[in-house]
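> Next comes the sequence, and after it the predicted model I'd like to discuss.
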Amino acid sequence: MAEPNPTPTPNEPTPAPQGTPQGNAPVFDYDKLASLITGKQSVTEDTVLKSYFKEQGLSADEMKEAIGAFKKQKAENTPDFAKMQSEVESANNAKLTAEVNQSATLEAVKQGVDIATVPYVLKIADFSKAVTDGKVNAEKLTEAVKKVLDDIPALKGKPAENGTGVKKIGGDGNSDKNLTEDALRGIFGIKSKK
């Protein structure tokens with residue numbers, strides 16, 4: 001007698017499990033499941049609490065009051081994850097803003113903006129495109145500062161008199177003795193002989 005072959009041959013289709021359509025997974029309402037679980041947990045919690053307080057010899061009113069106090073204390077001790085998440089996001093945004101301002105200040109100084117007018121450039125510039133994926137994009141930041149300076153060239157610092165970036169301090173090197181003496185007398189507060 002030939003024994004039946006328990007494994008299907010490659011040409012035979014495998015039977016689908018009973019109760020599920022072939023090729024489709026069952027669809028669940030996860031919100032409904034979560035609410036069922038939460039409801040079950042609260043019913044179980046109430047039952048355990050009532051049992052415990054009954055063992056302690058409390059009346060029905062005292063049990064209700066004790067259960068209310070327990071739930072209030074539990075709610076106070078439960079961390080507020082949404083609040084914590086918003087605090088983290090706020091701190092990250094503040095850090096990113098500080099990074100943008102620091103980089104923009106350096107860029108403005110590089111482009112010849114006087115230190116006194118840098119805050120105005122930072123307030124006017126549109127840095128919304130300078131941040132991508134939580135990182136400062138140096139190219140976009142430079143473009144934002146450059147656009148402000150192109151639109152308002154008066155914000156740029158004035159070049160030095162001789163164009164080299166060095167300001168003239170002191171005399172012009174004239175060796176006139178009277179000028180030198182007068183300058184020294186002026187510095188030391190001595191009245192001139194005239």
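Arrived safely, thanks for sending.
> Leu33 and Val27, how far apart?
In this structure, Leu33 and Val27 are 12 Å apart, going by Cβ to Cβ, to the nearest Å. Heads up, the C-betas are built off the backbone N, CA and C, glycines and all.
> More neighbours: which of the two?
Leu33 (10 against 6; other Cβ atoms under 10 Å).
> Show me the helices in the chain, by range?
30-55, 60-77, 81-110, 118-124, 138-151, 177-188 (DSSP state H).
> and of those helices, who's closest to Ala130?
helix 138-151 (4.2 Å; Cβ to Cβ).
> what angle separates that closest one from helix 81-110?
60 degrees (axes from the mean of the first three to the mean of the last three Cα atoms, to 10 degrees).
> would you turn the helices of the chain into CSV with mean pLDDT and distance to Thr132?
Converted to CSV, the helices of the chain look like this (pLDDT from 0 to 100; distance: least, Cβ to Cβ, whole Å):
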stretch, mean pLDDT, distance to Thr132
helix 30-55, 79, 34
helix 60-77, 81, 40
helix 81-110, 89, 11
helix 118-124, 89, 19
helix 138-151, 89, 8
helix 177-188, 75, 57
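> would you list those helices in JSON lines and tack on distance to Val131?
Below are the helices of the chain laid out as JSON lines (distance: least, Cβ to Cβ, whole Å):
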{"stretch": "helix 30-55", "distance to Val131": "35"}
{"stretch": "helix 60-77", "distance to Val131": "38"}
{"stretch": "helix 81-110", "distance to Val131": "6"}
{"stretch": "helix 118-124", "distance to Val131": "14"}
{"stretch": "helix 138-151", "distance to Val131": "8"}
{"stretch": "helix 177-188", "distance to Val131": "53"}
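> How confident was the prediction at Asp80?
What the model reports as pLDDT for Asp80 is 82.
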